[in-house]
Each structure stands twice: as structure tokens, then as C-alpha cells.
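Novice: okay, sequence plus prediction incoming.
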Amino acid sequence: MRRKRVLLLSEGFGSGHTQAAYALAENLRQLHPGIQTRVMELGSFLHPTLARWFFSAYRKTVSSQPKLYGKLYRFQYKKPLNPLTQLALHRIFYAQTAHLIDRLQPDTIVCTHPFPSIVVSRLKRAGLNIPLCTVITDYDVHGTWISPEVNKYLVSSQQVKIKLMKRGVDQQRIEITGIPVHPSFRQAPDKEDLRRRLGLNPLPTVMVMGGGWGLIGIDTLLASMTRWKEELQFIFCFGNNGKALERCMQDSRFQHPNIKLIGYTNEIDKLMEVSDLLVTKPGGMTCSEGLAKGIPMLFYEPIPGQEEKNMQFFIDTGCAELIKREETIHRRFKELTEYGAQLQEQREKKRRTAQTGWESDYSAIIWSLLQKEEQQSV
């Protein structure tokens with residue numbers, strides 16, 4: 001019998017959308033080993049040169065003109081993608097995507113970014129008869145995610161479900177699942193063994209992340225944190241920002257046995273496990289991984305738009321705090337040195353809540369779509 005096939009489509013706007021796709025693929029394979037999955041960043045696969053230029057322009061806009069990006073996000077917030085952009089996506093992707101789907105013959109398509117969801121939705125309007133599941137990878141919902149052709153929305157929270165319903169999406173098409181994270185983030189390995197393997201000291205540990213792009217460049221923030229390098233241990237994760245990593249490696253403030261500088265790594269789950277506090281930008285994927293680990297979070301400089309919405313969700317639920325001034329850093333670091341055991345107990349409670357708090361399992365929902373499609377084709 002032919003194995004069931006799931007095609008997961010993402011885009012390279014940051015790393016979180018694609019990480020969610022890979023996490024969902026791994027969860028699916030663990031739940032049903034017979035499933036065949038394939039993850040693609042649609043734009044990069046079909047038009048690699050154009051995609052590199054486009055993603056670079058997007059990154060520069062977000063980094064250098066965040067207020068402009070925020071205005072654009074809010075302007076389109078309650079609307080679907082404008083007709084001109086839809087036409088551009090149609091011309092660039094439509095025929096090639098149809099050919100790709102025809103070649104791969106998936107039984108279900110899952111999108112973790114609105115652009116491929118829009119393209120597949122248009123194909124469905126033209127007659128494509130494949131279930132479409134869209135995973136909203138933030139704790140808010142922008143208008144570009146919404147399409148009547150989507151069979152199932154997987155969302156992060158009850159608030160996102162309510163927002164979708166207010167915009168006319170039938171509640172039967174919405175499932176609260178949380179954002180997919182790799183199964184390793186739901187494991188709790190022995191911390192002491194992990195520390196030894198990672199070459200870390202037995203001290204309260206602060207993990208500092210800048211997202212997939214490694215957008216760590218706030219000198220005052222870094223200076224405030226490194227003042228604590230005798231009492232605390234620091235893990236600075238620079239992602240793909242090799243320039244920032246090199247700059248800090250040459251900086252005397254970071255040359256200390258209690259400071260570990262790393263670039264891109266596949267061991268974020270292990271590093272979060274041995275850390276006691278996460279300092280990060282509030283990207284949807286990083287926040288979801290932190291939530292799965294139960295680790296308390298401090299946010300800095302959210303990008304206007306979806307990161308502000310993510311930040312507000314986690315602040316409202318008591319999982320995070322925004323760094324408004326240096327005093328916030330010193331207060332939270334002092335708590336680590338004085339109340340480590342109590343904070344660890346609180347963390348374990350949050351971890352247990354996070355792992356039992358979702359109403360539905362995303363892998364099971366995808367599997368049910370596959371089963372439903374099989375029954376209808378018999």
C-alpha cells in the first residue's frame with residue numbers, strides 16, 4: 001500500500017516558520033512511522049535567486065526600519081493580501097506550484113507561512129482537491145493567513161481562535177494545538193549530565209538568543225549582563241549572525257570562563273534545558289520552545305507587529321517580562337542567585353502545564369485529515 005504523503009510548505013522570512021514545519025514533520029513521523037513527509041521553503045525551491053534577494057531586503061527592512069515594518073503590518077492587519085500582491089504570487093508561483101504538487105502527489109498540504117497558503121488556496125479554487133492545513137506560527141493572526149479554502153487552522157491559543165472566528169472562520173475549522181515544536185523540547189534529560197557534556201559550570205545559567213538572524217547588537221544590554229559573569233553563567237547564541245559572534249569573541253567583556261559564545265546550533269533544546277532564564281526577542285517559535293521547556297523569559301526590543309503580539313501573550317500569561325530598563329536585568333539576575341531552588345520548582349510546574357495545556361494534538365489532526373481523505377476516495 002502506498003505510504004501517506006504530507007507536503008509541508010514554508011518560507012524563509014526568519015527561521016521560525018520552517019522550524020515549525022520540520023517540528024511538525026518529526027512529530028508526524030513519530031506518531032505514524034509510515035507517513036512520508038517533505039518540507040520545502042516554496043520560494044527558495046522554485047526561485048532561489050529571487051528568494052535570496054527578497055529575504056535579504058525583508059531582513060534589512062526589519063533590522064534597520066522596524067517602525068516602517070510595523071506600519072506595514074498594521075495597515076494590512078485585518079485584510080487579506082492585496083490584489084496586486086496576490087497577482088504577483090500567482091504569476092511567480094502558480095503554475096510551478098501546481099506542477100510540483102502534481103509531481104509529488106501529496107495527500108495533505110500543510111503551510112506554516114501565509115504565502116504558500118495563499119498560493120495553494122488559489123489552486124484549490126481552481127480545482128485542486130487536496131486538504132489544506134495552515135499552521136499560524138504566532139500568538140496573533142494577521143489578515144494574510146485567512147482563506148476560505150483552508151480546511152483546518154492549527155493555532156497557538158484560544159485568543160487566536162477567537163480572532164479567526166470574528167473574521168468569519170467557522171470554529172469547526174480551527175484547532176488549538178500550540179505552535180509545533182520538535183519532540184526533544186518536551187523531554188527532560190538529566191541536567192547535570194547535560195552540563196558536563198556541554199562543558200558548562202554548575203552555576204545559575206542565563207541563555208541569550210537573538211533569533212535565527214542573531215539580531216544581538218544592543219551594547220547597553222550586553223554590558224549590563226556581563227557585569228554578572230562572576231555570579232552567573234551565560235550562553236550567548238548568535239544564530240547565523242557570524243559578524244556579531246566574531247565581534248563578541250574579540251571583546252574582552254566576553255572572555256571569561258563563565259561565558260560561552262556559540263553560532264548556529266541544533267542543540268537549542270539542550271541549552272534551554274540547562275538554562276534558568278532565557279533572554280530573547282519574542283519570536284513565535286522561540287517563545288513556544290521556551291514554553292515547552294517551562295523556562296522563564298525576558299524579552300528585549302520586539303519588532304513592531306507580530307513580535308509585539310507574541311510578547312503581550314506571554315507577559316499576560318505570566319511566562320515573561322519585558323526589559324524596560326537595566327534595573328529589570330539586575331533584579332531578575334539577583335533572583336537567580338538568591339532563589340534558585342524555588343525558581344526551579346516554579347519552572348517545573350510551568351513545564352507540566354505547557355505539556356498538558358493544549359486542547360488538541362497537531363499530529364493527530366493531520367492524521368485525521370489523511371484518514372478522511374482516504375475514506376472519501378474509497
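Specialist: The structure has been received and is ready for your questions.
Novice: can we go C-alpha only for contacts and neighbour counts from here?
Specialist: Noted.
Novice: Asp276 contacts Ile295, doesn't it?
Specialist: Yes - with contact defined as Cα atoms under 8 Å, Asp276 counts as touching Ile295 (6.4 Å).
Novice: between those two, which is the more surrounded one?
Specialist: The residue with more neighbours, out of Asp276 and Ile295, is Ile295; 25 against 22, by other Cα atoms under 10 Å.
Novice: in three-state terms, label the more buried one for me.
Specialist: Put simply, Ile295 is coil when judged by DSSP: H, G, I helix; E, B strand; the rest coil.
Novice: that one: what's it in contact with?
Specialist: Contacts for Ile295 (Cα atoms under 8 Å, 6 or more residues apart in numbering) come out as Met272, Ser275, Asp276, Leu277, Leu278, Cys319, Arg347, Lys350, Arg351.
Novice: out of those, flag the one nearest to Asn201.
Specialist: Closest approach between the contacts of Ile295 and Asn201, by Cα to Cα: Ser275, at 11.2 Å.
Novice: the closest one: neighbouring residues, count only.
Specialist: Neighbours of Ser275 (other Cα under 10 Å): 22.
Novice: now do it against Ile303, distance only.
Specialist: 25 Å (Cα to Cα, to the nearest Å).
Novice: ok so, going back, from the contacts of Ile295, which ones fall inside strands?
Specialist: Per DSSP state E, strands hold the following members of those: Leu277, Leu278.
Novice: which one of the contacts of Ile295 has the most neighbours?
Specialist: In the contacts of Ile295, the most neighbours by other Cα under 10 Å go to Leu277, 26 neighbours.
Novice: so how far is Tyr139 from it?
Specialist: From Leu277 to Tyr139 the distance is 21 Å (Cα to Cα).
Novice: what's the answer for Gln346, then?
Specialist: For Gln346 relative to Tyr139 (Cα to Cα), the value is 23 Å.
Novice: looking at these two, which is more packed in?
Specialist: Neighbours per residue (other Cα under 10 Å) separate Gln346 from Tyr139, with Tyr139 holding more: 28 against 13.
Novice: sec struct for the more buried one, please.
Specialist: Reduced to three states by three-state DSSP, Tyr139 is coil.
Novice: right, and it touches Ser157 too?
Specialist: Yes - counting by Cα under 8 Å, Tyr139 touches Ser157, with 6.7 Å between them.
Novice: now the residue nearest the centre of the chain: which helix or strand?
Specialist: Centroid-nearest residue in the chain: Met285, 1.8 Å away (criterion: Cα atoms, centre = their mean). Using DSSP states H and E, Met285 sits in helix 284-293.
Novice: and the nearest residue to Glu231 once chain neighbours are set aside, how many residues sit next to it?
Specialist: Nearest non-adjacent residue to Glu231, counting by Cα to Cα, 6 or more residues apart in numbering: Thr337, 7.2 Å away. Neighbour count for Thr337, taken as other Cα under 10 Å: 14.
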